[in-house]
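Q: from the sequence below, what's the structure:
(one chain, ligands or ions: 1)
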Amino acid sequence: MLQSSELKYSYPTTETFSFPDIGINKGEAALLLGPSGSGKSTLLHLLAGLLSAQSGSVSIMGTDLKRMGEREKEKFRAQHIGLVFQRPFFLPYLNLEENLQLSARYQGSKVDQDWINHLFEQLQISHLKFKKPADCSLGEQQRASIARSLLQKPALILADEPSSALDDHNASKVGELLLSVVENFESALLVVTHDQRLKDRIPKSYSL
Ligand SMILES: Nc1ncnc2c1ncn2[C@@H]1O[C@H](COP(=O)(O)OP(=O)(O)OP(=O)(O)O)[C@@H](O)[C@H]1O
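A: Numbers count the residues shown, from 1 in each chain. Below is the predicted model:
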């Protein structure tokens, strides 16, 4: 499902990062571990095609990202990859539900309101649907951004510390939801996390 090979990347001001090869099958989850600054977010961006590696390759669902143009990659990402960034980005003038509905349309799928409601319920943010992002706490926005990443039941989920702003109870809900999507829709999941419970439930890991 996801396979990377000999990826190397450097920013103008950093050393060159050489990343381990990542291989994740359908219905499989893996952790990405490493100290702060070791390149975890950079690797997720490379795997999502948001950055282009100086060498090496990434293949998703059998397609080499290098063979796609930027527009094609953007469409592919919207349809097949669920991304959770460290900081949630929302349009400030739309409420959380409208933000998700707009994302679903952008991803080219029909708005599945039942699925949106289910995601909001599972993440315990149903009561915040009609609030603007700025009127929600960071943890609430983070949960809404996790819901957004799962809108199209993506083949691949790349999540960068999805529970970093959450208390134990909500972190546990996020872990349950991600793993239920992996199980029910055979998604592949790669997650950067410090959450011990998620670590206990996902035996496979890559270390930077
Ligand atoms: N756009 C950028 N330009 C220059 N350097 C960058 C850029 N983005 C990240 N870096 C540097 O690259 C290194 C790796 O950053 P990255 O965010 O991938 O690490 P990380 O392991 O995800 O860190 P953390 O756990 O703190 O989020 C860091 O030293 C960072 O300062």
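Q: buried residues in the helix-or-strand element of the chain with minimal mean pLDDT?
A: Lowest by mean pLDDT, DSSP states H and E among the helices and strands of the chain is helix 196-201, with a mean of 83. Judged by neighbour count (16 or more other Cβ atoms under 10 Å), helix 196-201 contains these buried residues: residue 198. Using the backbone N, CA and C atoms, a C-beta is placed for each residue, glycine as well.
Q: residue contacts, residue 134?
A: residue 92 (Cβ atoms under 8 Å, 6 or more residues apart in numbering).
Q: how many residues are close by residue 8?
A: Neighbourhood size, residue 8 [other Cβ atoms under 10 Å]: 13.
Q: tell me which element it is part of?
A: According to DSSP states H and E, residue 8 maps onto strand 2-9.
Q: listing partners with orientation, what would you give for that strand?
A: Applying DSSP bridges to the sheet, strand 2-9 is found paired with strand 17-18 (antiparallel), strand 23-24 (antiparallel), strand 55-60 (antiparallel).
Q: let me know which of these is tucked in deepest.
A: Neighbour counts (mean count of other Cβ atoms under 10 Å) averaged over each of the strands paired with strand 2-9 peak at strand 23-24, with a mean of 20.
Q: quick one: contacts for residue 6?
A: If you count contacts by Cβ under 8 Å, 6+ apart, then residue 6 has 18, 21, 55-57 around it.
Q: tell me if residue 13 really is in a helix.
A: No: counting by DSSP: H, G, I helix; E, B strand; the rest coil, residue 13 is not part of a helix but coil.
Q: what pLDDT does it get?
A: Reading off the confidence values, residue 13 has pLDDT 91.
Q: same check on residue 108?
A: On the pLDDT scale, residue 108 gets 74.
Q: after the longest helix along the chain comes which helix or strand?
A: As assigned by DSSP state H, the longest helix anywhere in the chain is helix 168-185. Scanning forward in sequence from helix 168-185 by DSSP H and E, the next helix or strand is strand 188-192.
Q: touching that next one from outside, list them.
A: So strand 188-192 is in contact with 1-2, 22, 24-33, 40-41, 44, 47, 155-162, 178-179, 181-182, 198, 202, going by Cβ under 8 Å, 6+ apart.
Q: all helices for the chain, in order.
A: 40-47, 70-80, 96-106, 113-122, 138-149, 168-185, 196-201.
Q: and those helices, which one averages the lowest pLDDT?
A: Among those, helix 196-201 scores lowest, at a mean of 83.
Q: need the residues that contact that one.
A: Helix 196-201 is contacted from outside by 31, 163, 171-172, 175, 178-179, 191, 193, 205, using Cβ under 8 Å, 6+ apart.
Q: go again with 6 Å.
A: Residues outside helix 196-201 that contact it (Cβ atoms under 6 Å, 6 or more residues apart in numbering): 172, 175.
Q: residue contacts, residue 202?
A: Counting by Cβ under 6 Å, 6+ apart, residue 202 touches 29, 31.
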